[in-house]
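*Asks:* Return a 3D structure for these sequence lines:
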Amino acid sequence: MKLRVVYRKVSDYIRYDLKEIVLPSSLPDPPHVVKRRKLTWHERFLVLKEASRLYAASWVRDIGPELRPNDYKKQGDAEPKKQAKETEKEPSVLEDLAVAARGGMETLRPALHRVYMTRASNYKDALSSFIKGYHEGVQQVMQSKEESQVPADEPDKSKKTT
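*Replies:* Below you'll find the predicted structure:
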């Protein structure tokens, strides 16, 4: 009798508890969550197509016109280079940092150093300009005080009243 009870308990443990320990089932979704339907194969294809188009477009922005000659054949061979040089301008600080951030920490560190050094030199120049202007202002005030405090002529010593 006891053997049967032990056998039943062990078999229940293996059947229910051990299965849950080894392969736990996930918690059910809360009642307010609405399950989305599965995408059809056509919809999956459209999602993949759009994602790859966006990915390729991101690479095209990085590559530039010199590595994409087919896009510029309509304008002629010499014109795209001239137009590209004319329209090229120095990248802004934000663009420079964005490009450096894509390269990782090795390229981001010098870019940030350059930004901070230019910012520090601008602050230094502004501070020296302020100090120079402050000194000029102090000198003007001191000169105006000296002019207003010109010593009055001393009374004549010849006119003594004795």
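*Asks:* check which helix or strand covers Ser26.
*Replies:* Mapping Ser26 onto the secondary structure by DSSP states H and E places it in no helix or strand at all.
*Asks:* actually Lys38, not the one I wrote
*Replies:* No secondary structure element spans Lys38, as it lies outside all helices and strands (assigned by DSSP H and E).
*Asks:* Quick check: phi and psi on it?
*Replies:* In terms of degrees, to the nearest 10, the main-chain angles of Lys38 are phi -70, psi 150.
*Asks:* Number of residues surrounding it?
*Replies:* Residues within reach of Lys38, counting by other Cβ atoms under 10 Å, total 7. For the C-beta atoms, the positions are set from N, CA and C on the backbone; glycine is no exception.
*Asks:* do the same with Arg109
*Replies:* Close neighbours of Arg109, defined as other Cβ under 10 Å, add up to 11.
*Asks:* Ok, the one 5 residues further on next?
*Replies:* The criterion is other Cβ under 10 Å. On that basis, Arg114 has 14 neighbouring residues.
*Asks:* again, but for the one 10 residues further on
*Replies:* Lys124 is surrounded by 10 other residues when neighbours are defined as other Cβ under 10 Å.
*Asks:* Okay, and it sits in which element?
*Replies:* Per DSSP H and E, Lys124 falls inside helix 105-148.
*Asks:* Tell me which other helices or strands that helix touches.
*Replies:* In terms of contacts (3 or more Cβ pairs under 8 Å, 6 or more residues apart in numbering; DSSP states H and E), helix 105-148 is packed against helix 93-102.
*Asks:* Averaged pLDDT, the helix it packs on. What do you get?
*Replies:* In this model, helix 93-102 carries a mean pLDDT of 78.
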